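> A predicted structure for the sequence below; I have some questions about it.
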Amino acid sequence: MSQGAGAPAAQAGRIRVLHVLKSLGLGGTEKVAQLFVRHLDSQRFETAVHSPVDGPRAAQIRSGGSATFIGMDLSKALQAFRPHVLHLHRAGWSEPDFLRPVRDYAAKNPVVVVETNVFGRHDPSPSAAVIDTHLFVSRFCAERFARHTGITSEWPHYGVLYNPVDTDYFAAALPGGPCAQGPTLGRISRADPGKWSRLALDILPLLARGVPDFRCRIVGGIPEAEAFVREQGLQACVEFLPPLSTDAELAEFYGGLTVLAHANDTGESFGLVIAEAMACGLPVVTHPSEGERDNAQLELVEHGVTGFVAQTAEEYAQAVRWLMEHQQESSALGLAGRRKAAHLFRAQNVAAQLAEMYLDLLQRKGIAQ
């Protein structure tokens with residue numbers, strides 16, 4: 001598929017920005033790109049997205065006013081759109097094949113190359129020299145990068161930019177915060193074993209025994225989780241739900257919960273699910289990851305301020321139960337989380353920060369604006 005239907009007509013003088021992704025599925029990376037192109041100032045920037053693989057985000061991106069280049073070689077998309085700014089979304093490790101068309105384009109055209117380094121990894125390969133600026137999605141990623149490489153995240157080669165969240169939408173959808181019908185725990189992730197922790201399962205029988213009328217709603221269930229629920233006889237209180245694709249569906253899900261349960265042994269380089277739950281006014285319980293694994297969940301969830309951090313299944317279940325039994329205090333934690341999300345992650349503000357970064361980098365390279 002070539003340039004998507006509904007693309008805006010080119011306007012002379014606008015800065016062309018092409019975001020490049022591996023796919024257009026429902027993952028957090030794809031949603032971040034969608035929010036960036038939607039909220040960049042359309043009077044100043046003309047935006048488009050390239051992906052070799054189609055997915056449900058494509059139509060949402062086009063409905064926001066951006067072109068899509070899907071299923072074509074990146075080199076062809078670059079020649080068709082001719083961006084002034086090329087924004088890559090990638091894990092951060094070495095990918096010479098992925099960067100080859102970027103290097104070829106940059107060798108012949110004035111362009112700023114930016115990457116959102118999703119996992120805060122280091123790419124010392126020659127191919128990565130084409131990247132002007134690496135953006136980390138949390139302070140945690142920048143600080144771990146510095147520990148491992150001795151390189152501090154100093155502008156203009158490095159920076160920290162939180163992922164955007166449509167906090168305005170969630171605040172409008174749930175003006176009074178969540179309103180669960182009874183004590184309801186929620187969990188949401190991709191249906192990927194790598195996004196789970198055993199804690200997410202071990203807390204269920206503890207809560208089912210200790211909290212009257214306890215219910216749990218899970219998006220992104222995996223076979224191990226479904227088998228655990230059957231073996232423990234928890235089918236009456238645990239419900240598995242299909243994936244959610246829009247913010248309206250997410251708001252409805254979060255609005256029916258008392259607490260969000262985050263449990264992922266690999267941790268989070270940012271934690272978009274956590275940030276969205278906070279934007280909905282929902283307190284979050286999470287746990288630390290071991291060693292140098294991703295731990296930005298602790299940057300978002302402040303213990304005793306926006307939720308709780310637990311070490312064991314018993315501590316975790318106790319924290320969830322306390323929130324369910326102390327509605328006033330739980331609401332206060334949720335409100336603190338909503339304020340934090342609006343302050344740090346509001347999509348319009350984060351996109352404005354990104355725009356200023358683009359403009360500064362273009363000026364530094366002497367590219368006409």
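Perfect, I can see it now. Numbering: from 1, shown residues only.
> Would you mark the buried spots in stretch 252-265?
253-265 (16 or more other Cβ atoms under 10 Å). (C-beta placed from N, C-alpha, C; glycine too.)
> ranges for the helices of this protein?
28-39, 57-63, 74-81, 96-108, 139-149, 167-173, 199-210, 223-231, 247-255, 272-279, 297-300, 313-325, 327-345, 347-364 (DSSP state H).
> Any idea which of those gets closest to residue 156?
Taking Cβ to Cβ as the criterion, helix 347-364 is the member of those that comes nearest to residue 156, at 6.1 Å.
> Show me where the chain dips below the pLDDT cut-off.
1-12, 369 (pLDDT under 70).
> go again using 50 as the cut-off
Applying pLDDT under 50 to the chain flags the ranges 1-11.
> and it, what are its domains?
15-164+346-364, 167-345 (automatic domain parsing).
> tell me, how many neighbours does the nearest residue to residue 306 once chain neighbours are set aside end up with?
Among residues not flanking residue 306 along the chain, residue 337 sits closest, at 3.8 Å (Cβ to Cβ, 6 or more residues apart in numbering). Look at residue 337: counted by other Cβ atoms under 10 Å, it has 28 neighbours.
> Contact partners for residue 337?
Under the criterion of Cβ atoms under 8 Å, 6 or more residues apart in numbering, the contact list for residue 337 reads 277-279, 281-284, 306-307.
> Name all residues that make contact with residue 214.
183, 185, 207-208, 237, 324.
> any chance of the residues you listed in JSON lines, plus neighbour count?
Shown next, in JSON lines, are the contacts of residue 214 (neighbours: other Cβ atoms under 10 Å):
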{"residue": "183", "neighbour count": "21"}
{"residue": "185", "neighbour count": "28"}
{"residue": "207", "neighbour count": "24"}
{"residue": "208", "neighbour count": "19"}
{"residue": "237", "neighbour count": "18"}
{"residue": "324", "neighbour count": "22"}
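> just these now: which is nearest residue 63?
Of all those, residue 63 sits closest to residue 185, with 33.1 Å by Cβ to Cβ.
> Do I have it right that the closest one meets residue 258?
Yes - the criterion here is Cβ atoms under 8 Å, and residue 185 meets it with residue 258 at 6.8 Å.
> Now for residue 182: which residues touch it?
By Cβ under 8 Å, 6+ apart, the neighbours of residue 182 are 213, 215.
> ok so, going back, just name the closest of the contacts of residue 214 to residue 272, please.
Closest to residue 272, out of all of the contacts of residue 214 and judged by Cβ to Cβ, is residue 185, at 19.3 Å.
> Quick check: bridge partners of the closest residue to that closest one other than its chain neighbours?
Of all residues not flanking residue 185 in the chain, residue 216 sits nearest, at 4.5 Å (Cβ to Cβ, 6+ apart). Residue 216 has these beta-bridge partners by DSSP bridges: residue 185, residue 238.
> show me what contacts residue 216?
Residue 216 neighbours (Cβ under 8 Å, 6+ apart): 184-187, 204, 207, 234, 237-239, 261.
> Quick check: the farthest pair among the residues you listed?
186 and 234 (15.1 Å).
> ok, the two, which is more surrounded?
residue 186 (25 against 17).
> Who are the contact partners of the more buried one?
By Cβ under 8 Å, 6+ apart, the residues touching residue 186 are 216-219, 253-254, 256-257, 259-261, 282.
> Now it. Nearest residue, chain neighbours left out?
In space, residue 186 is closest to residue 257, 3.9 Å off (Cβ to Cβ, 6+ apart).
> my read: the one you found touches residue 178, true?
Yes - at 5.6 Å, residue 257 and residue 178 qualify as touching, with contact defined as Cβ under 8 Å.
> So for those two, which residues contact both of them?
With Cβ under 8 Å, 6+ apart, residue 257 and residue 178 have common neighbours residue 282.
> Any idea how many residues pack against the closest residue to residue 243 other than its chain neighbours?
If the residues on either side of it in the chain are set aside, residue 243 comes closest to residue 26, at 6.0 Å by Cβ to Cβ, 6+ apart. Neighbour count of residue 26, defined by other Cβ under 10 Å: 16.
> Now that residue 26 has come up, it's in contact with residue 60, right?
No - Residue 26 is not in contact with residue 60 according to Cβ under 8 Å; the separation is 9.8 Å.
> List the contacts of residue 79.
When contacts are counted by Cβ under 8 Å, 6+ apart, residue 79 is found next to residue 105.
> And it, how close does it get to residue 54?
21 Å (Cβ to Cβ, to the nearest Å).
> Same list (the buried residues of stretch 252-265) but as JSON lines, adding distance to residue 316.
Converted to JSON lines, the buried residues of stretch 252-265 look like this (distance: Cβ to Cβ, whole Å):
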{"residue": "253", "distance to residue 316": "21"}
{"residue": "254", "distance to residue 316": "19"}
{"residue": "255", "distance to residue 316": "23"}
{"residue": "256", "distance to residue 316": "21"}
{"residue": "257", "distance to residue 316": "16"}
{"residue": "258", "distance to residue 316": "15"}
{"residue": "259", "distance to residue 316": "10"}
{"residue": "260", "distance to residue 316": "12"}
{"residue": "261", "distance to residue 316": "8"}
{"residue": "262", "distance to residue 316": "10"}
{"residue": "263", "distance to residue 316": "8"}
{"residue": "264", "distance to residue 316": "13"}
{"residue": "265", "distance to residue 316": "13"}
